[in-house]
Structures are given as C-alpha cells and as structure tokens.
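Undergrad: Dropping a prediction and its sequence here:
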Amino acid sequence: MTHPDDTREHGIEFGGLISDLEEESYPLSHETLLSRYGDRELGLINDQVTLREVLSPENEQQYEDTESVRQAILNMVGDEAVGRERYSDRGGNATDDDPTESESF
C-alpha cells in the first residue's frame, strides 16, 4: 500500500490514484481504466492533467497490475512533469556535464 504522503514520483503527483488502483481487479482494459479513472487529475510541476489527457484514448493495452498502469503514465507524461531543465540538486553546474561544452586549459 502506498503511503499517503508519498504520492509524487518523477515529477508526477498521483494523489490517491495509485492506492485506488491497488484495490482494482486485474487485468484491466484501457477502456475500463479510462471509464473508471479518466477524470482523475495528476499533478505536474506547474499544471494539472487528467489521466485521460495523459493516456491515449485509442490505446488497446490491457493492464496486468498497478505497476503496469503506473509505468504507462510515466511513459506518456512528457517534459511538463519535469521542473527546470538541466537542473541538478547534486551540486556543480549543469554545463559541467554537457559533452558539447569544451574545456579550455
């Protein structure tokens, strides 16, 4: 079971969706997933989107478990889930890791 305070992953705030999906019966068709949860909102860094907006409506996928739904969401959310591009909280400068930057000695 997911801890209620631990619902953000890779820039996506899942809220109660994951815990609801953990209680779901599987396998679950894509159509059924969207009919039950399509209006549920996912929080991105600066936006809210519905599950239906993230997952393609014409998908024929069948989900075998909560993890397969979670992975589909992570795969389909684009850069809008990422905060500042090329930002790292690990110290140093983002350009330090840029292979296109040349060093001068």
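TA: It's in. Nothing here was measured: the structure is a model prediction, and the numbers come from that model.
Undergrad: Now the longest helix along the chain: buried residues?
TA: Criterion DSSP state H: the longest helix present in the chain is helix 66-76. For helix 66-76, burial by neighbour count (16 or more other Cβ atoms under 10 Å) applies to 66, 68-70, 72-73. Yep, even glycine has a C-beta here, placed from its N, CA and C like the rest.
Undergrad: next one: stretch 32-39
TA: 33-34, 37.
Undergrad: What of stretch 21-31?
TA: Buried, per 16+ other Cβ under 10 Å, within stretch 21-31: 21, 28, 30.
Undergrad: For the first one, pull up the helix or strand it's in.
TA: Here L21, judged by DSSP states H and E, is contained in helix 17-22.
Undergrad: Can I get stretch 12-30 in CSV? Just the C-alpha atoms.
TA: In CSV, the C-alpha atoms belonging to stretch 12-30 read as follows (Å, rounded to 0.1, in the frame of the first residue of the first chain):
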residue,chain,number,x,y,z
ILE,A,12,4.0,13.4,-11.2
GLU,A,13,1.7,13.8,-8.2
PHE,A,14,-0.5,10.7,-8.3
GLY,A,15,-2.6,11.6,-5.2
GLY,A,16,-4.9,8.7,-4.3
LEU,A,17,-5.0,7.2,-7.8
ILE,A,18,-2.3,4.6,-7.1
SER,A,19,-3.9,3.4,-3.8
ASP,A,20,-7.2,3.1,-5.7
LEU,A,21,-5.5,1.2,-8.5
GLU,A,22,-4.0,-1.1,-5.9
GLU,A,23,-7.5,-2.1,-4.9
GLU,A,24,-8.6,-2.7,-8.5
SER,A,25,-9.2,-6.1,-10.1
TYR,A,26,-6.8,-7.0,-12.9
PRO,A,27,-6.4,-7.5,-15.8
LEU,A,28,-8.0,-4.2,-16.7
SER,A,29,-8.7,-3.0,-20.2
HIS,A,30,-7.6,0.5,-21.3
